[in-house]
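**Student:** Just a sequence and a predicted model for now, questions to come.
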Amino acid sequence: MNFKVGDKVVVIAGKDKGKEGKILTVDRKNDRVVVEGINIVKKHVKGNGQTAGSIEEIEASIHVSNVMMIDPKTKKRTRIGHTVDKKGKKIRISKKSGENLD
């Protein structure tokens, strides 16, 4: 998986198609990401002795195939490629503009 926490992505499928946000968490085992403001669901929280129960709205995870990176140069969605820099370190690049994504 090519995504990291903090990457700006756009949703390409589902009920939130076209919306943009930052990645909050990455689940590499299940190929899922949580994006800020995307896939909002209601969660019922049980109260305890000090607080009352409530219904909270939280972001649920979506599959990585439903998001794409936003190119920092063109501000449009792009695929992610890999290359090796001069120091021999593997870096992520934008396929559209060749811009460094790390």
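**Tutor:** Great, that's in hand.
**Student:** three-state assignment of Ser65?
**Tutor:** helix (DSSP: H, G, I helix; E, B strand; the rest coil).
**Student:** Contacts for the lengthiest strand in the chain next, please.
**Tutor:** Assignment by DSSP state E gives strand 20-27 as the longest strand of the chain. For strand 20-27, contacts defined as C-beta atoms under 8 Å, 6 or more residues apart in numbering pick out 1, 3-11, 32-38, 59, 61, 70. From N, CA and C alone the C-beta is placed, and that goes for glycine too.
**Student:** Can you spell out the domain ranges of this structure, please?
**Tutor:** Listed by automatic domain parsing, the domain ranges of the chain are 8-70, 74-102.
**Student:** Now render these as CSV, adding mean pLDDT and mean neighbour count.
**Tutor:** Output for the domains of the chain, formatted as CSV (pLDDT from 0 to 100; neighbours: other C-beta atoms under 10 Å):
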stretch, mean pLDDT, mean neighbour count
domain 8-70, 96, 14
domain 74-102, 92, 13
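**Student:** Among the contacts of strand 20-27, which lie within strands?
**Tutor:** Checking those against DSSP E, those in strands are 8-11, 32-35, 59, 70.
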